[in-house]
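A.B. asks: Provided below for reference: sequence and predicted model.
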Amino acid sequence: MTDRTDGRTALITGANRGIGRALAAELHHRGLHVLLTARTAEDARAAAGDIGPGTRWHALDTTDEDSVKRAAQAAGPLDILVCNAGVLLDAGTDPLSVPLDLVEETLRVNLLGTWRVIQHFLPPMVRRRRGHVLVVSSGTTAEFGGRLFAGAPGYSLSKSALNGLTTMLAALTEGTGVRVNAVNPGRVRTRMMPAMPQPPEDAARFIADVALLPGDGPTGRFLAEHRRPAETPDPTPQERPCDST
Ligand SMILES: NC(=O)c1ccc[n+]([C@@H]2O[C@H](COP(=O)([O-])OP(=O)(O)OC[C@H]3O[C@@H](n4cnc5c(N)ncnc54)[C@H](OP(=O)(O)O)[C@@H]3O)[C@@H](O)[C@H]2O)c1
């Protein structure tokens, strides 16, 4: 068990299950103060209780302005914000046939929800002149043949838009001590993607490595999951500019 002298605080959205929950457990294990959030207070409280003593929790529905505002007021100073909450609603469709109400809902959660959370939590980081915002993006933005994945068109566009937002925010916060990066967790076995090979704990370790990159680390980048061979430990995640997707 790592010691708790680090003193940093990390808030994670959508942390009641899947990657978010595994990340909350990983950061708790690494000695951070974790503020676990979920759409409902009940889910947040239950997940925090499972993770361990000292894990704070708060309700945070990214699509609800009042909910985000209340969570921001309750949170106190943050060092790390992980915008993890997301939905995949249009898998198996294509851009010509996808029902646009699914695209609209996907953008409402994935893009606008994330954007709303950042609007509330990033300015206090800038005032403190420290902080790291991580946006959980996706390989659908580029990994499939070097172009956008058309089999979940709304989802792919929502995550590509998040990469774009990341570059804008990184430019806006340049020189403030705050960094903004996007991360691709890889293909992870969760309720969203039940047939995927990678357990959420692996993705959580990768995201935690990125979240804890030192203060002079990258900003405005899309940091991609990769599996490091055990015999060649490499602490530096692969990276490429967000705008290369
Ligand atoms: N799994 C993969 O292979 C994969 C690959 C690339 C990227 N990602 C991304 O990784 C992130 C986590 O996905 P996951 O695989 O862990 O999926 P998951 O198990 O379905 O978890 C999604 C989480 O987001 C939460 N959420 C949804 N809408 C929300 C809202 N309006 N406000 C707050 N929380 C909300 C869910 O809460 P409820 O329980 O209340 O619904 C849940 O906690 C997502 O952004 C996803 O796009 C996943």
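C.D. replies: That came in fine, so what should we check first?

A.B. asks: quick one: residue 82 is in a strand?
C.D. replies: Yes. Assigned with DSSP: H, G, I helix; E, B strand; the rest coil, residue 82 falls within a strand.

A.B. asks: which residues does the nearest residue to residue 112 once chain neighbours are set aside contact?
C.D. replies: Nearest non-adjacent residue to residue 112, counting by Cβ to Cβ, 6 or more residues apart in numbering: residue 63, 7.3 Å away. C-betas here are computed from N, CA, C, even on glycine. The contact partners of residue 63, taken as Cβ atoms under 8 Å, 6 or more residues apart in numbering, are 108-109, 112-113, 116.

A.B. asks: And those residues, which is closest to residue 13?
C.D. replies: Checking the contacts of residue 63 against residue 13 by Cβ to Cβ gives residue 113 as the nearest, at 8.1 Å.

A.B. asks: ok, now which ones touch the closest one?
C.D. replies: Residue 113 touches 62-63, 85, counting by Cβ under 8 Å, 6+ apart.

A.B. asks: Tell me how far residue 84 lies from residue 224.
C.D. replies: Plainly put, residue 84 is 16 Å away from residue 224 if you go by Cβ to Cβ, to the nearest Å.

A.B. asks: List the buried residues for the lengthiest helix in the chain?
C.D. replies: Using DSSP state H, we find that the single longest helix of the chain is helix 153-172. Using 16 or more other Cβ atoms under 10 Å as the test for burial, helix 153-172 gives 153-167, 169-170.

A.B. asks: Next: stretch 206-219.
C.D. replies: 206-213, 217-219.

A.B. asks: would a markdown table of the contacts of residue 63 with secondary structure and distance to the ligand be doable?
C.D. replies: Shown next, in a markdown table, are the contacts of residue 63 (DSSP: H, G, I helix; E, B strand; the rest coil; distance: Cβ to the nearest ligand atom, whole Å):
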| residue | secondary structure | distance to the ligand |
| --- | --- | --- |
| 108 | helix | 8 |
| 109 | helix | 5 |
| 112 | helix | 10 |
| 113 | helix | 5 |
| 116 | helix | 10 |
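
A.B. asks: Buried ones from those residues, can you make that a PyMOL selection?
C.D. replies: Remark: buried members of the contacts of residue 63, expressed as a PyMOL selection using 16+ other Cβ under 10 Å:
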select buried, resi 109+113+116
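
A.B. asks: Can you pull out the low-pLDDT segments for this protein?
C.D. replies: Along the chain, segments meeting pLDDT under 70 span 1-6, 142-146, 225-245.

A.B. asks: repeat that for 80
C.D. replies: 1-6, 142-147, 225-245 (pLDDT under 80).

A.B. asks: Name the residues of it found near the ligand, please.
C.D. replies: Taking Cβ under 6 Å from any ligand atom, the part of the chain that reaches the ligand is made up of 13-14, 16-20, 38-39, 43, 61-63, 84-87, 109, 113, 136, 138, 185, 187-188, 190-193, 196.
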